[in-house]
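Enquirer: fold the following.
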Amino acid sequence: MGVVEVRKFNGSSAPVFLSRFRSPLTIPLATADFVVRGFRADRPEARSVLEEHARFFLTGFNLATAHWRAPHERLHAEVPDSERGFAYEGAGMFAGLLDLATAGRAGALRRLLTGPGDSYTHLIHVGAGWLASPMKVTVVPRLPSTPLLRWLAIDGAGFGEVYFGGLRALLQRSRRTPGPQWEARLAGCGRALWFAESADAAGVADVIGRAATPARPHLWAGVGLAVTYAGAADDATFDALEEATGPYFVHFAQGVVFGAAARQRSGIVPPHTERSAKRFLGVDADETAEWSDRAAQGLLDSNDIHSYLQWKSRLRAHIAAHR
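Expert: Model (predicted):
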């Protein structure tokens with residue numbers, strides 16, 4: 001994304017992107033353009049939907065830079081209900097950067113996660129992880145929220161890695177030595193793949209087929225989350241995705257649960273999320289949220305990444321039994 005510098009901002013030190021930006025405190029919305037990103041641009045309808053999500057991510061980042069002390073009013077007043085999760089994810093990226101630059105003294109993530117932000121806790125955690133890609137940050141932020149959810153930041157780092165680095169970055173990541181953080185990060189790479197391929201099931205399947213075999217189930221989990229949360233898929237695409245997942249369907253479906261549960265927590269569940277949950281799981285978003293909550297019982301207070309992976313594993317076991 002460019003060089004990061006620390007400058008004084010509203011009485012605190014704040015990280016500021018310098019290159020390619022119109023001003024030190026904003027990211028141009030044109031950054032979301034799929035042609036700029038090197039993503040598929042031959043599927044105009046899906047591209048339009050996914051680019052809109054990306055623009056609202058950037059909108060959330062920009063609003064947070066200007067209103068980080070009291071971010072919620074603008075995030076609700078200036079962002080449509082269905083796009084607010086993406087805006088909170090972008091705001092989470094800025095809050096993570098600000099807390100990093102001030103060694104946590106700004107308390108930006110704490111402010112963002114309280115009040116209305118609690119409904120978007122998953123997205124804020126994911127957004128905080130985006131900083132790990134452009135800034136090469138290797139630590140996981142100790143977010144002031146449910147300890148288990150801090151590992152969603154690794155998912156966010158994976159998304160950012162592919163969003164900025166393209167499919168080459170995904171394939172390189174897939175070939176690294178497997179491990180817990182590698183597994184968590186690949187799910188984020190899979191989410192970004194849905195954007196990079198403009199929601200084309202065949203394109204997604206082709207890329208995953210070129211990835212290292214151990215990485216494939218985790219990439220499919222990310223795709224399941226993206227298709228459910230971000231949408232841009234019709235019934236034919238749903239059918240093609242289910243066929244393409246093959247032995248990795250349960251991982252894909254675990255991602256569907258995560259996507260539907262995050263939407264349900266916000267209280268705003270768009271039709272495409274309900275369609276995905278019912279098509280792949282046979283239940284509505286409310287029930288997927290119950291599945292997610294039950295699978296996390298006894299794990300929420302753990303900050304161990306193995307607990308985070310166990311949460312996912314429990315969900316996959318439940319999905320397999322439910323089919």
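
Enquirer: mean confidence for stretch 296-314?
Expert: Taken as a whole, stretch 296-314 carries a mean pLDDT of 96.

Enquirer: number of nearby residues for Leu171?
Expert: The number of residues packed near Leu171 is 17, by other Cβ atoms under 10 Å. Glycine gets a C-beta too; all of them are placed from N, C-alpha and C.

Enquirer: residue ranges with poor pLDDT in this structure?
Expert: For the chain, applying pLDDT under 70 flags the ranges 1-25, 132-145.

Enquirer: recalculate using a threshold of 90.
Expert: 1-27, 96-105, 129-147, 150, 303, 323 (pLDDT under 90).

Enquirer: now the strands for it?
Expert: With strands called from DSSP state E, the chain shows them at 4-9, 12-17.

Enquirer: spatially, what comes nearest to Gly188 if we skip its sequence neighbours?
Expert: The shortest distance from Gly188 to any non-neighbouring residue, by Cβ to Cβ, 6 or more residues apart in numbering, is to Gly158 (2.6 Å).

Enquirer: so who does the one you found touch?
Expert: Residues in contact with Gly158, defined by Cβ atoms under 8 Å, 6 or more residues apart in numbering, are Gly129, Arg173, Ala184, Arg185, Leu186, Ala187, Gly188, Cys189, Gly190, Arg191, Ala192, Gly222.

Enquirer: would JSON lines of the residues you listed with distance to Ala253 and neighbour count be doable?
Expert: Shown next, in JSON lines, are these (distance: Cβ to Cβ, whole Å; neighbours: other Cβ atoms under 10 Å):
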{"residue": "Gly129", "distance to Ala253": "23", "neighbour count": "31"}
{"residue": "Arg173", "distance to Ala253": "23", "neighbour count": "21"}
{"residue": "Ala184", "distance to Ala253": "18", "neighbour count": "25"}
{"residue": "Arg185", "distance to Ala253": "20", "neighbour count": "30"}
{"residue": "Leu186", "distance to Ala253": "17", "neighbour count": "31"}
{"residue": "Ala187", "distance to Ala253": "13", "neighbour count": "28"}
{"residue": "Gly188", "distance to Ala253": "18", "neighbour count": "34"}
{"residue": "Cys189", "distance to Ala253": "18", "neighbour count": "32"}
{"residue": "Gly190", "distance to Ala253": "13", "neighbour count": "34"}
{"residue": "Arg191", "distance to Ala253": "15", "neighbour count": "30"}
{"residue": "Ala192", "distance to Ala253": "19", "neighbour count": "27"}
{"residue": "Gly222", "distance to Ala253": "13", "neighbour count": "30"}
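
Enquirer: mind checking which of these are in helices?
Expert: Among the contacts of Gly158, DSSP state H puts Gly129, Arg173, Ala184, Arg185, Leu186, Ala187, Gly188, Cys189, Gly190, Arg191, Ala192, Gly222 in helices.

Enquirer: measure the fifth one to Thr213 for me?
Expert: Here Leu186 is placed at a distance of 12 Å from Thr213 (Cβ to Cβ, to the nearest Å).

Enquirer: what do you get for the third one?
Expert: The gap separating Ala184 from Thr213 is 18 Å, by Cβ to Cβ.

Enquirer: the last one now?
Expert: As judged by Cβ to Cβ, Gly222 and Thr213 stand 16 Å apart.

Enquirer: if we can go back for a sec, and which of the contacts of Gly158 is nearest to Val204?
Expert: Nearest to Val204, judged by Cβ to Cβ, of the contacts of Gly158 is Gly190 at 8.4 Å.

Enquirer: show me what contacts the closest residue to that closest one other than its chain neighbours?
Expert: Nearest residue to Gly190 in three dimensions, chain neighbours excluded: Gly222, at 2.3 Å (Cβ to Cβ, 6+ apart). Residues near Gly222 by Cβ under 8 Å, 6+ apart: 155, 158-159, 186-194, 255.

Enquirer: before we move on, what about Ser313?
Expert: By Cβ under 8 Å, 6+ apart, Ser313 has no neighbours at all.

Enquirer: does Glu242 touch Phe280 like I think?
Expert: Yes: counting by Cβ atoms under 8 Å, Phe280 is a contact partner of Glu242 at 6.9 Å.

Enquirer: of those two, who's got more company?
Expert: Phe280 (24 against 15).

Enquirer: might one say that that one is in contact with Asp239?
Expert: No: Phe280 is beyond contact range of Asp239, at 10.8 Å (criterion: Cβ under 8 Å).

Enquirer: ok, back up a step: distance of the residue nearest to Gly190 from Ala169?
Expert: In terms of Cβ to Cβ, Gly222 sits 14 Å off from Ala169.

Enquirer: identify the contacts common to the two.
Expert: Cys189.

Enquirer: can you pull out the helices in the stretch 201-323 of the chain?
Expert: Assigned by DSSP state H, counting those that start in this stretch, the helices in the stretch 201-323 of the chain fall at 201-210, 216-229, 235-245, 249-266, 271-281, 285-295, 305-322.

Enquirer: mind putting the ones you listed into a markdown table with distance to Glu83?
Expert: A markdown table is the format used below for these (distance: least, Cβ to Cβ, whole Å):
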| stretch | distance to Glu83 |
| --- | --- |
| helix 201-210 | 23 |
| helix 216-229 | 11 |
| helix 235-245 | 21 |
| helix 249-266 | 11 |
| helix 271-281 | 13 |
| helix 285-295 | 17 |
| helix 305-322 | 26 |
